[in-house]
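>>> Fold the stuff below for me.
(one chain, ligands or ions: 1)
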Amino acid sequence: MCGIIGYIGPKKVVPLIVEGLKKLEYRGYDSAGIAVVDGEKINRRRVKGKICNLEESLRNEPLSGYYGIGHTRWATHGRPSEENAHPHLDCTGTIVVVHNGIIENYLSLKEKLLKKGHTFRTDTDTEVIAHLIEEYFEDLLELAVQRAVQDLRGAYSIVAISTRDPNKIVAAKDGAPSVVGLGENEFFVSSDINPLLNHTKSIVFLEDKEIAVLDTGRVKFWDYKANALDKRVEQLAWNSLLIEKKGYKHFMLKEIFEQPQVIRDTLSGRVSLETGQVDLKETGLSEKVIKRVERILIIACGTSYHAGLIGKLMIESMAGVPVEVEYASEYRYKDHIMHERTLIVVLSQSGETADSLAAFKAVKSESLPSLAICNVVQSSIARETDGVLYTHAGPEIGVAATKTFTAQLCALALLSVHISTIKGIKSKEEIKNFILDLQKIPHNIEEILNDARVIEELSQRFVSYNHFLFLGRWVSFPVALEGALKLKEISYIHAEAYPGGEMKHGPIALIDEKMPTLVVVPKDRVYEKMLSNISEVKTRSGFVLAVASENDREISDRVDAVIRVPSVNPLLSPFLTTVPLQLFSYYIAVARGADVDQPRNLAKSVTVE
Ligand code: F6R
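Next up, the predicted model:
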């Protein structure tokens with residue numbers, strides 16, 4: 001939530017920061033702003049709404065400066081408005097700050113600062129940071145920041161500049177991400193690597209309670225006690241082409257179509273058909289550790305939680321280990337009864353979700369092995385767990401998760417086989433067949449995507465409905481949950497998902513001709529049961545659209561419309577049944593004129609509680 005960027009170097013700072021903010025816009029788009037230093041002066045521009053509004057304002061009235069900072073906001077404290085847009089100034093107008101996260105004790109800090117005579121102009125928590133830095137300023141900006149951060153509680157990443165100590169950018173973080181880019185005679189600081197990809201491959205991730213000081217010639221790193229740190233420089237593997245639309249109308253559509261390749265990439269180098277084995281040594285979890293595991297706890301939010309629910313069924317079926325899946329935002333506040341042989345798996349695309357990180361920290365212990373399944377390399381969660389299994393999905397820019405969901409399913413399928421092999425649960429033959437089926441999934445998805453036009457046409461019949469019911473059982477229930485979430489978040493249509501068998505316990509009362517039902521009904525162990533649920537809907541005048549297997553001859557007579565997917569190993573059907581639901585939501589949202597890549601009120605990484 002919120003994207004921040006800073007640049008110091010020879011390039012033109014304003015276009016560079018605006019370009020960088022566009023790449024961070026998926027993190028929030030309630031308002032945007034920029035501040036650049038021009039000699040003795042800080043020039044600032046802020047606008048309500050998206051970066052394109054900022055661009056327009058800068059086109060009409062350009063800003064000049066040599067280095068600076070920028071921000072794209074997802075509002076938490078203070079409504080989205082120009083006054084509340086970052087960057088925020090201190091009383092003297094010589095210190096300016098951008099911030100991502102929440103300062104939990106800002107009210108008490110504000111009270112103290114008000115008593116000392118500071119004047120506040122916004123409703124944000126961020127403004128206290130500018131005034132605190134002002135309060136502590138003597139001669140060096142980094143020392144003032146270092147003192148100010150001692151007073152802050154909460155999760156934050158901040159970047160500050162000041163004309164009182166010019167030609168310098170100071171960044172600090174605790175609980176929200178910050179990455180420093182090292183170019184030739186130029187330095188960047190950003191919320192993630194996307195804005196850096198066009199400029200440098202050399203980066204340094206700031207850890208919690210660290211400070212970076214970027215000046216015209218070098219970067220130095222400190223801990224919060226002002227001790228110098230020797231930080232490791234890493235080389236980026238992603239390139240900037242990965243964050244272009246490549247001719248697709250929206251990132252979301254491009255990302256849906258990338259799924260076959262993403263799954264190939266996530267499998268690549270990890271499976272061998274010859275040996276019938278999965279190699280996950282990269283996770284750092286030894287065979288000895290896996291052998292001891294008797295229970296798995298998966299912690300996740302949103303779409304990742306849905307992937308976790310499917311992962312549970314795959315792991316329980318393939319590896320015979322009981323799995324619990326918990327919403328991180330709920331789990332962190334529960335009483336934690338930990339089995340001593342538990343493997344904790346944190347599932348998070350961004351690796352930055354505040355609740356997932358906090359829930360993990362609440363149960364983290366030296367005696368319990370932990371694994372992150374993340375897409376963003378070196379993200380906060382990936383750095384917190386013992387091991388990491390990366391999904392090789394590449395950057396996902398569309399706010400609605402699509403390719404990272406199927407990549408997570410792929411990682412969980414690999415994990416299930418890995419544990420099964422080490423524990424000797426399934427025979428070599430069974431494992432080999434499972435891997436073979438898994439390797440065919442990219443091709444199966446391509447078959448669905450080749451027929452995207454059919455789904456587009458079908459979806460047009462549903463554009464004006466305002467309520468949807470999604471039904472599924474067993475592995476298809478989480479798919480139904482995910483389908484309903486996609487529809488809600490990008491087309492703002494109310495959608496509910498239920499396990500088919502739960503219908504008669506209440507939701508069936510909702511059924512009428514105004515509420516279509518989307519049933520996920522591949523040929524599997526619950527197929528017959530789903531047919532009964534479909535009849536229950538049909539007899540109550542409900543319109544039923546089914547996502548069904550291609551070899552299902554019966555279904556057409558039972559429902560009003562069918563989308564076909566290839567017939568596969570039932571445990572792997574969610575890879576396929578999800579794709580039509582993604583396309584269905586996408587085409588409905590486009591037809592309703594919704595902003596598909598940047599749905600209202602949302603942001604890609606939820607780095608606040
Ligand atoms: C929905 C979506 C969100 C995320 C959730 C968790 O399309 O993207 O529900 O899945 O915010 O995010 P990560 O996986 O980054 O922890």
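>>> Show me which residues of the stretch 451-600 of the chain sit near the ligand.
L485, E489 (Cβ under 6 Å from any ligand atom). C-beta here means a position set from N, CA and C on the backbone, and glycine is covered the same way.
>>> can you pull out the strands in the stretch 451-600 of the chain?
Applying DSSP state E, counting those that start in this stretch to the stretch 451-600 of the chain gives strands spanning 467-472, 494-499, 517-521, 544-549, 561-565.
>>> could you dump those to TSV with mean pLDDT?
Output for those, formatted as TSV (pLDDT from 0 to 100):
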stretch	mean pLDDT
strand 467-472	96
strand 494-499	96
strand 517-521	97
strand 544-549	97
strand 561-565	97
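>>> okay, now the closest residue to K23 other than its chain neighbours: neighbour count?
Leaving aside its sequence neighbours, K23 sits nearest to N194 (Cβ to Cβ, 6 or more residues apart in numbering; 4.0 Å). Applying other Cβ atoms under 10 Å, we find 25 residues neighbouring N194.
>>> cool, G269 as well?
Around G269 there are 10 residues (other Cβ under 10 Å).
>>> Give me the secondary structure label for it.
Using DSSP: H, G, I helix; E, B strand; the rest coil, the structure places G269 in coil.
>>> Now do the contacts for it.
D279 (Cβ atoms under 8 Å, 6 or more residues apart in numbering).
>>> Quick check: phi and psi on it?
Backbone torsions for G269, taken as degrees, to the nearest 10, come to phi 80, psi 0.
>>> now S370
phi -140, psi 150.
>>> ok, what's across the strand from it?
Here S370 sits in beta bridges with I344, as judged by DSSP bridges.
>>> Quick check: it touching R383?
No: using Cβ atoms under 8 Å as the test, S370 is too far from R383 to be in contact (11.6 Å).
>>> more crowded one of those two?
The residue with more neighbours, out of S370 and R383, is S370; 22 against 15, by other Cβ under 10 Å.
>>> Give me the most central residue, the protein.
Nearest to the geometric centre of the chain sits S350, at 3.9 Å (Cα atoms, centre = their mean).
>>> Let me see the contact set for it.
So S350 contacts C374, N375, V376, S379, K604, S605 (Cβ under 8 Å, 6+ apart).
>>> With neighbour count and distance to V475 added, can I get the residues you listed in CSV?
CSV is the format used below for the contacts of S350 (neighbours: other Cβ atoms under 10 Å; distance: Cβ to Cβ, whole Å):
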residue, neighbour count, distance to V475
C374, 30, 23
N375, 26, 22
V376, 25, 27
S379, 25, 28
K604, 25, 27
S605, 29, 28
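>>> Among those, which ones are in strands?
Secondary structure defined by DSSP state E assigns C374 of those to strands.
>>> All the helices of the stretch 501-609 of the chain, in order from the start?
Secondary structure of the stretch 501-609 of the chain (DSSP state H, counting those that start in this stretch): helices at 527-538, 555-558, 573-591.
>>> Where does pLDDT dip in the protein?
For the chain, the stretches with pLDDT under 70 are 239-243, 607-608.
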